[in-house]
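J.: Predicted model, plus sequence, below.
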Protein chains: 2
Amino acid sequence: MKHEELGRVYCSLARTWSVIGERWTMLIIREAFRGTRRFDEFQQRLGVGRNVLSNRLGRLSDEGIFERVRYQQSPDRYEYRLTQKGMDLYPVLLTLMRWGDLYKVDDPPVRLYHKGCGELASPELRCSHCGEPVGFHSLRAKYAPDAW
Amino acid sequence: MKHEELGRVYCSLARTWSVIGERWTMLIIREAFRGTRRFDEFQQRLGVGRNVLSNRLGRLSDEGIFERVRYQQSPDRYEYRLTQKGMDLYPVLLTLMRWGDLYKVDDPPVRLYHKGCGELASPELRCSHCGEPVGFHSLRAKYAPDAW
DNA sequence: CAGTATCCTCGAGGATACTG
DNA sequence: CAGTATCCTCGAGGATACTG
């Protein structure tokens, strides 16, 4: 199965993967959350090839994850801003980061503070209905008959 | 930067990505959560090449995400079970799935019910300290000086 | 069954020069 | 600056035969 074909399978995970599952994509999105918006900034901070970056920014814009916004005229210059759809990848970024915090580093390179309560935040998944923490063992998965 | 080098950068996301950021890895892990444990089951359900599967299962076992458990003697046969470290990838899987539910499919192929309250669960990230939902806008990130 | 071995293809990614 | 174009490398992945 080719990378692109993942997007046509009836599985939400596989389809998401077809969008963000290449080496640089998630790192580019991470940079965007950090505030990076312009081509050369992305290029320098990540050290990614210009052709690859160009391709990814284009594809992510087509996908609706980035919006190209003109910030200057003649010559026209554009910057890349996360859309709501892009912002909605934040939970993915966060859970990836937290697993790494737990298993891949000694000290977390990034600490998150919850503006609401002021505390060091350890975001965790909870049931939106009852508010209890949820994990694999507390959830029952029901597959559609034609799920992949 | 090569894929493997991502694991040496001081960034939890990049290091996590160096473990699970290849095309098949996350899908193999997803299958494992679904209950799949044996080589040929993985191979048939995913349609992944045997050599690739062999390589991934080996690497994920070395990494401590799978544990090889002998289930038969002469000839010895092993199956692959998620360890706690592997189970801890569930939040990643779940957030990837939910983004896909939201943007990439009409009907979610998998529905999750919370055993605790019985309701259809929409897991969301909340502050483990105060229990409030958290997102990009309600968190303040503090980077270590040598963070990538 | 659960792999290993072999051979092949293709595309992701790197390096670099060039352009408006 | 923000890209595009070109050329190259390398490795991920596919197909398939083989083994204990």
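T.: It's in.
J.: Let me see the contact set for the spatially most central residue of chain A.
T.: With distances taken as C-alpha atoms, centre = their mean, chain A has residue A:89 as the residue nearest its mean C-alpha position (4.1 Å). Contact partners of residue A:89, counting by C-beta atoms under 8 Å, 6 or more residues apart in numbering or on different chains, are A:20, A:29, A:65, B:99. To be clear about C-beta, it is placed using only N, CA and C from the backbone, and glycine gets the same treatment.
J.: Let me have these in a markdown table, extended by pLDDT and secondary structure.
T.: Written out in a markdown table, the entries for these read as follows (pLDDT from 0 to 100; DSSP: H, G, I helix; E, B strand; the rest coil):
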| residue | pLDDT | secondary structure |
| --- | --- | --- |
| A:20 | 95 | helix |
| A:29 | 97 | helix |
| A:65 | 97 | coil |
| B:99 | 97 | helix |
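J.: Widest-spaced pair of those residues?
T.: A:29 and B:99 (11.5 Å; C-beta to C-beta).
J.: Write out the residues of chain A neighbouring DNA strand C.
T.: On the criterion C-beta under 7 Å from any atom of the strand, DNA strand C has as its neighbours in chain A the residues A:2-3, A:22-24, A:47-52, A:56, A:75.
J.: And the helices in chain A?
T.: Shown for chain A, the helices assigned by DSSP state H span residues A:12-20, A:25-33, A:39-46, A:50-62, A:84-87, A:90-103.
J.: what about the fourth one and DNA strand D, any contact?
T.: Yes: Helix A:50-62 comes into contact with DNA strand D when judged by C-beta under 7 Å from any atom of the strand, the residues involved being A:50-51, A:54, A:57-58.
J.: Out of the helices of chain A, which is closest to residue A:114?
T.: Evaluated with C-beta to C-beta, these place helix A:90-103 nearest to residue A:114, the distance being 12.3 Å.
J.: Determine the set of other helices and strands touching that closest one.
T.: Of the remaining helices and strands, those touching helix A:90-103 by 3 or more C-beta pairs under 8 Å, 6 or more residues apart in numbering or on different chains; DSSP states H and E are helix A:25-33, strand A:123-127, helix B:12-20, helix B:90-103, strand B:123-127.
J.: Distance to residue B:95 for the helices of chain A - can I get that in a markdown table?
T.: Below are those laid out as a markdown table (distance: least, C-beta to C-beta, whole Å):
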| stretch | distance to residue B:95 |
| --- | --- |
| helix A:12-20 | 9 |
| helix A:25-33 | 12 |
| helix A:39-46 | 22 |
| helix A:50-62 | 18 |
| helix A:84-87 | 13 |
| helix A:90-103 | 4 |
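J.: now, of the ones you listed, which is deepest in the fold?
T.: When neighbours are counted by mean count of other C-beta atoms under 10 Å in any protein chain shown, the highest per-stretch mean among the helices of chain A falls to helix A:12-20, a mean of 24.
J.: What is that helix packed up against?
T.: For helix A:12-20, where contacts count as 3+ C-beta pairs under 8 Å, 6+ apart, the packed elements are helix A:25-33, helix B:25-33, helix B:90-103.
J.: Cheers, nothing more for now.
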